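1. build me a structure from this.
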Amino acid sequence: MPEPRALPEVVRFDPARRSVIERSLRRGQLRRVRQGVYLPAVVDDGGPALRRQRRVLEKAAAVAATLRSDVVFSHETAALIHGLALYRLADEVHVTQRTKPRVRKRWDPDLRRHAVPLPDRDRTVVRGRAVTTIERTLVDCARWLPGPQALVIADSALRAGADLRRVGRILAEAAGRPGVRQARWVVDLADARAESPGESLVRWHLLDHGLAAPDLAVPVATRRGTSWIDLGWPDLRVGIEFDGAVKYSGGDYGDPHERLVAEKMRHDALVEAGWFILRVTWADLGDPAALVGRVRTALAEAGRRRRLVSAK
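-> From the prediction side, this is the model:
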């Protein structure tokens, strides 16, 4: 299950503490994130994605401290707070409110306001913050985000326990509005068995290029026991394994060398069981056409082999 993300505690400007705040700013102990709102300095650790998530959470905390209207965090910001998986998170905060804001976006470029009705059933509280429910968040993101990003969130939402019946009701109520057709397709593709954003993205690109839908979490009997392949076509014995690389790079997953050896033995057992395994990395996702070409070739070759066997 995903771990909800908390917004950091902010320091509000107080005229009585002006000198203390200004001194802390000069010393680098505080930094300004929004007019009249400050946060303690942090160590800039983690990769680009984690840094982007932290920046958005900080901006959301500043927004929560300054907005007086009845707003609910929504869209990607709600997905972030719920702890869902994200891909190419935008560097802005999304809120939904009942009335149209009087403030123009150019006056507040880090804040995206959505003035739409939000039933109470689509609201919840996570870590003390008002956010849209996972089901409403899934639909909002599926309507407005590019397909690959939307599917990453939808898969993650289903893993987190999103109720597809509630999702269906929200979609039905939004019939005829912008983005609903894409949202229905994303929801139809979403699958809780996708265990990582990489697997979701691979699946999106395959289907977007017209390939047959692969199965997920495919069990394969080998001499070393049952192995589970991320994506695959059991009838052709072609599988895809997404390697995020992180599992081989540090101690959180055990000794990297031992992990590599174990993975090599697992791969050999799958090949001996008659499977052709394609390894896909984040770098491969940078060229979807080349990735799809590799998969298409593997499927065509597997189909040819099966026909030859059947003809004997």
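2. in the chain, which spans are strands?
-> With DSSP state E as the criterion, the chain has strands at 11-12, 30-34, 37-40, 71-73, 93-97, 111-115, 123-126, 129-132, 215-222, 225-233, 238-242, 276-280.
3. turn those into a markdown table, including distance to residue 298, mean pLDDT and mean neighbour count.
-> In short, each C-beta sits where N, CA and C put it, glycine included. Formatted as a markdown table, those follow (distance: least, CB to CB, whole Å; pLDDT from 0 to 100; neighbours: other CB atoms under 10 Å):
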| stretch | distance to residue 298 | mean pLDDT | mean neighbour count |
| --- | --- | --- | --- |
| strand 11-12 | 56 | 90 | 16 |
| strand 30-34 | 48 | 88 | 17 |
| strand 37-40 | 49 | 90 | 17 |
| strand 71-73 | 43 | 93 | 23 |
| strand 93-97 | 40 | 94 | 25 |
| strand 111-115 | 42 | 92 | 18 |
| strand 123-126 | 42 | 96 | 15 |
| strand 129-132 | 41 | 96 | 24 |
| strand 215-222 | 15 | 96 | 16 |
| strand 225-233 | 9 | 95 | 18 |
| strand 238-242 | 5 | 96 | 23 |
| strand 276-280 | 6 | 95 | 18 |
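4. contacts for the longest helix that the chain contains, please.
-> For the chain, the longest helix by residue count, based on DSSP state H, is helix 288-311. By CB atoms under 8 Å, 6 or more residues apart in numbering, the surrounding residues in contact with helix 288-311 are 202, 205-206, 208-209, 211-212, 233, 236-238, 240, 276, 278, 280, 284-285.
5. now do stretch 2-17
-> 21, 30, 33, 36-40, 53, 57-58, 60-62, 64-65, 80-85, 126-129, 156, 159-160.
6. hang on, residue 152 packs against residue 201?
-> Yes - using CB atoms under 8 Å, residue 152 and residue 201 qualify as a contacting pair, with a distance of 6.7 Å.
7. those two: which is more packed in?
-> Per other CB atoms under 10 Å, whichever of residue 152 and residue 201 has more neighbours is residue 152, with 28 against 25.
8. what residues are up against that one?
-> Counting by CB under 8 Å, 6+ apart, residue 152 has contacts 85-87, 197, 200-201.
9. tell me the phi and psi of the closest residue to residue 274 other than its chain neighbours?
-> Residue nearest to residue 274 in three dimensions, not counting chain neighbours: residue 237, with 5.1 Å by CB to CB, 6 or more residues apart in numbering. The phi/psi pair for residue 237 (degrees, to the nearest 10) reads phi 60, psi 50.
10. quick check: residue 237 vs residue 188, distance?
-> 26 Å (CB to CB, to the nearest Å).
11. so which of those two has more stuff around it?
-> Looking at residue 237 and residue 188 with other CB under 10 Å, you find the greater number of neighbours at residue 237, namely 20 against 9.
12. do I have it right that the more buried one meets residue 272?
-> No - taking CB under 8 Å as the definition, residue 237 is not a contact partner of residue 272, at 11.7 Å.
13. for residue 279, see how far away the nearest residue to residue 266 once chain neighbours are set aside is.
-> Nearest residue to residue 266, sequence neighbours excluded (CB to CB, 6+ apart): residue 227, at 5.8 Å. The gap separating residue 227 from residue 279 is 14 Å, by CB to CB.
14. same thing with residue 112?
-> Counting by CB to CB, the gap from residue 112 to residue 279 is 38 Å.
15. repeat that for residue 242.
-> Residue 242 is 8 Å from residue 279, by CB to CB.
16. same deal with residue 237?
-> Taken as CB to CB, the span from residue 237 to residue 279 is 16 Å.
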